[in-house]
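Trainee: structure, please.
(2 chains)
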Number of protein chains: 2
Amino acid sequence: MSGDKIVLALDGMGGDHAPDVVVAGADIARERYPGTTFLLFGDQARLTPLVDKRKGLASVLEIVPAEDAVLADDKPSFALRRRRKSSMWLAVEAAAQGRADTVVSAGNTGAFLAISMVAMRMLEGAHRPALASLLPTARGETVMLDLGANLDCDADNLAEFAVMGSVFAQVLLGLDRPKVGLLNVGSEELKGHEELRQAAAMLRLEGSPVDFHGFVEGNDIGAGTTDVVVADGFTGNVALKTIEGTAKLYTQFVRDAFRTSTFAKIGYLFASGAWVKLSKRVDPRRRNGAVFLGLDGVCVKSHGGTDELGFAYAIGVAVDLVRYEYKSKLIEGLGKLQQVRSAEAPATSALQASGGAA
Amino acid sequence: MSGDKIVLALDGMGGDHAPDVVVAGADIARERYPGTTFLLFGDQARLTPLVDKRKGLASVLEIVPAEDAVLADDKPSFALRRRRKSSMWLAVEAAAQGRADTVVSAGNTGAFLAISMVAMRMLEGAHRPALASLLPTARGETVMLDLGANLDCDADNLAEFAVMGSVFAQVLLGLDRPKVGLLNVGSEELKGHEELRQAAAMLRLEGSPVDFHGFVEGNDIGAGTTDVVVADGFTGNVALKTIEGTAKLYTQFVRDAFRTSTFAKIGYLFASGAWVKLSKRVDPRRRNGAVFLGLDGVCVKSHGGTDELGFAYAIGVAVDLVRYEYKSKLIEGLGKLQQVRSAEAPATSALQASGGAA
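Mentor: As a prediction, the model looks like this:
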């Protein structure tokens, strides 16, 4: 179903402002990505008037009735067992069975991951999926993964995540050979976890499909030292939320400072253009669309609270992944990793046995 | 040697700007903390003129000659074996042997920790030291630990860190019963590491010396949800450096925004008071002084690149820890933790065996 025309499966009922934001986002994306068509899953009675209100949308969009929906607080296991007729399940299934090229949902992250893992298989050479997203940096943008799909990762998982992140950066950031870093602690005396050192040794092997920069530290994320930052899902999730919290704190600090005096308030007014520029630069909507990498399918998770502009960005991520052939590039990269790993297997094993010395 | 008069051992040769900043910092602290006296370890020929230049300092400060110094890039193992006559070793030894109440160094962190661990013992009930510091939050300040002393921590370590952080917050922030959180990932489907759930179960036991809030996420650090945030040293170090990197990035974003137009530049000038207020609020010097908690001694690590004001703040942390009897409070807290742990041992073991269900 790939080719010129891209078919997107949309979970019409997922997200805080569904289905309105989903339909409005699809309408924006329709203009941005000509040739794209949509399968919109959900409550037909609610979706039909929303679609009909938007001129031209109905001609590229087909509503597929789904009688149930995954709720925000459904446990993944519950969603797996009990929500087989939900808009999310049916949308994922459409992508898994080839009726769509990709699926986008703003719904429950855990349920979306669990359903995707069951409905789709893992790609050859990928053992675990990783959740990846773009983050703003001093130099532009950096891909970070895993943001929470797997709390415990071994060296093989981390090396595979490095390949996934590299391909993601190629496709989304248009880089030929993205620099990849492994998130670690940098102090001399504190050696990183064993699995980090083993993963680094794999990525440094001759013929590795990744341009491996080495270890990076927490401050390198914002500095943009590498194009990709790889971590296990626990560390990546803590880092992501720490970034969000710190950004919020500093925004508050700046606002507070400008409320302290009349002079500051006048300065604030003069600088209104600067604020607009600043908020554009840090606008999370422009980086909306986290991806489950490693699955035999393209699954994009929109932030649950986003608006139609944010949802349209998430659709854009899905379109780019399909259009620039993320899947075939990833299969190739994972294949190369397996090759260099098995070619060097005796050496690597010896290294692991001796405690690693990357 | 405690009591009204506090004796501080200072590593005169540690830090990027030693010995000047150490002497100047001691001079500021001398005025701030009357009754404090100093043992200043280092190169006598270099220290003497610096001390003599400052009126009144010589009367409360004794220079103790040290013929060697730990270098910034010394490995901890090297410093342990080969720097026994360094200013750092001798300063730590003075505190370990009771000739001083506390030791402050701006030198090599790893070496300082290693030397302190060898020269001092652990407190009864503390199995590993943790590096703790204050961080700015929306509500004021939060204690965070471990910032990198121990990469891998078990449930006992984490529960002990919770007690250490709680006592640290009592002494430094003047709180009666600080709220303590364990850093984890929050998504429903992603259960935290086993050791986190076990530590949480311990801290929830009847009679626990800690006001345990439960799990917190990365964004709760900046929000100030709890007064203390506890993590293993790997996660804590990544979070700390991620905060630093994000703060730097946002400062750059704000600066860039104000350079975009003439109006913005005028606004910047009007708002100069706001900038001063803002930079004061985030000034890392005002939070200088990380502490190795859990040792039978009070060891304060100043940032290596700080100026005299920052070094004086680190001295202030040391003074507060001694004055408000951090050590005896910590011994008491750790004792209580041991008590409730052993009283509930059968129940806890059963809980652990069943996989934990905190």
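
Trainee: what residue ranges in the stretch 251-358 of chain A score low on pLDDT?
Mentor: In the predicted model of the stretch 251-358 of chain A, residues A:345-358 satisfy pLDDT under 70.

Trainee: can you map out the strands along it?
Mentor: Applying DSSP state E, counting those that start in this stretch to the stretch 251-358 of chain A gives strands spanning A:290-293, A:299-301.

Trainee: go on, the stretch 1-150 of chain A?
Mentor: A:6-11, A:36-42, A:61-65, A:102-105, A:130-137, A:140-145.

Trainee: just confirm yes or no for the shortest one near chain B.
Mentor: By that I understand strand A:102-105. No: Strand A:102-105 stays clear of chain B (Cβ under 8 Å from any Cβ of the partner chain), getting no nearer than 14.8 Å. Just so you know, the C-beta spots here come from the backbone N, C-alpha and C atoms, and that holds for glycine as well.

Trainee: pLDDT on that strand, on average?
Mentor: Averaged over strand A:102-105, pLDDT sits at 98.

Trainee: partners of it, with directions?
Mentor: Within its sheet, strand A:102-105 is paired with strand A:6-11 (parallel), strand A:299-301 (parallel), according to DSSP bridges.

Trainee: among the strands of the stretch 251-358 of chain A, which comes closest to A:R255?
Mentor: Within the strands of the stretch 251-358 of chain A, the stretch nearest A:R255 is strand A:290-293; the backing value is 27.8 Å (Cβ to Cβ).

Trainee: chain center to stretch A:254-271, what's the gap?
Mentor: The gap between the average C-alpha position of stretch A:254-271 and the chain average comes to 37 Å, counting by Cα atoms, centre = their mean, to the nearest Å.

Trainee: now do stretch A:244-263
Mentor: Here stretch A:244-263 is found 29 Å from its chain centre; the criterion is Cα atoms, centre = their mean.

Trainee: repeat for stretch A:218-229
Mentor: With Cα atoms, centre = their mean, you get 16 Å for stretch A:218-229.

Trainee: can you pull out the helices in the stretch 101-250 of chain A?
Mentor: Ranges of helices within the stretch 101-250 of chain A are A:109-119, A:155-173, A:194-203, A:218-223, A:233-257, based on DSSP state H, counting those that start in this stretch.

Trainee: and of those helices, who's closest to B:L147?
Mentor: helix A:218-223 (10.9 Å).

Trainee: counting contacts, what elements does the closest one pack onto?
Mentor: Counting contacts by 3 or more Cβ pairs under 8 Å, 6 or more residues apart in numbering or on different chains; DSSP states H and E, helix A:218-223 packs against strand A:130-137, strand A:179-183, helix A:233-257, helix B:233-257.

Trainee: thinking again about what came up before, can you put the helices of the stretch 101-250 of chain A in CSV and add mean neighbour count?
Mentor: Converted to CSV, those look like this (neighbours: other Cβ atoms under 10 Å in any protein chain shown):
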stretch, mean neighbour count
helix A:109-119, 23
helix A:155-173, 26
helix A:194-203, 22
helix A:218-223, 24
helix A:233-257, 23
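
Trainee: deepest of the strands of the stretch 1-150 of chain A, which one?
Mentor: For those, average neighbour numbers computed from mean count of other Cβ atoms under 10 Å in any protein chain shown are highest in strand A:102-105, which has a mean of 30.

Trainee: how much space between A:D43 and A:D68?
Mentor: A:D43 sits at a distance of 9 Å from A:D68 (criterion: Cβ to Cβ, to the nearest Å).

Trainee: returning to what we had before: redo the strands paired with strand A:102-105 as TSV? Include distance to B:D20.
Mentor: Below are the strands paired with strand A:102-105 laid out as TSV (distance: least, Cβ to Cβ, whole Å):
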stretch	distance to B:D20
strand A:6-11	63
strand A:299-301	54
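
Trainee: and the ones you listed: which comes nearest A:R30?
Mentor: Closest approach to A:R30 among the strands paired with strand A:102-105 (Cβ to Cβ): strand A:6-11, 10.0 Å.

Trainee: which outside residues touch the closest one?
Mentor: Under the contact criterion Cβ atoms under 8 Å, 6 or more residues apart in numbering or on different chains, strand A:6-11 has outside partners A:1, A:18, A:22, A:26, A:29, A:33, A:35-42, A:87-88, A:91-92, A:94-95, A:99-107, A:112, A:315, A:318-319, A:322-323.

Trainee: rewinding a little: so which of the strands of the stretch 1-150 of chain A is nearest B:N219?
Mentor: Between B:N219 and the strands of the stretch 1-150 of chain A, the tightest spacing by Cβ to Cβ is seen for strand A:130-137, at 14.2 Å.

Trainee: that closest one near chain B anywhere?
Mentor: Yes: using Cβ under 8 Å from any Cβ, strand A:130-137 reaches chain B at A:136-137.

Trainee: up against chain B, what does the stretch 251-358 of chain A have?
Mentor: Residues of the stretch 251-358 of chain A lying near chain B (Cβ under 8 Å from any Cβ): A:251-254, A:256-258, A:260-261, A:263-264, A:266-275, A:277-278, A:281-282.

Trainee: what about 7 Å?
Mentor: Listed as neighbours of chain B in the stretch 251-358 of chain A under the rule Cβ under 7 Å from any Cβ of the partner chain: A:252-254, A:257-258, A:260-261, A:263-264, A:266-268, A:270-271, A:273-275, A:277-278, A:281-282.

Trainee: could you do the stretch 101-250 of chain A as well?
Mentor: Taking Cβ under 7 Å from any Cβ as the criterion, the stretch 101-250 of chain A approaches chain B at residues A:109-110, A:114, A:137-138, A:148, A:151, A:183, A:185, A:187-190, A:193, A:217-223, A:234-235, A:237-250.

Trainee: mind redoing it with 6 Å?
Mentor: A:110, A:138, A:148, A:151, A:185, A:187-190, A:217-219, A:221-223, A:234-235, A:237-239, A:241-247, A:249-250 (Cβ under 6 Å from any Cβ of the partner chain).
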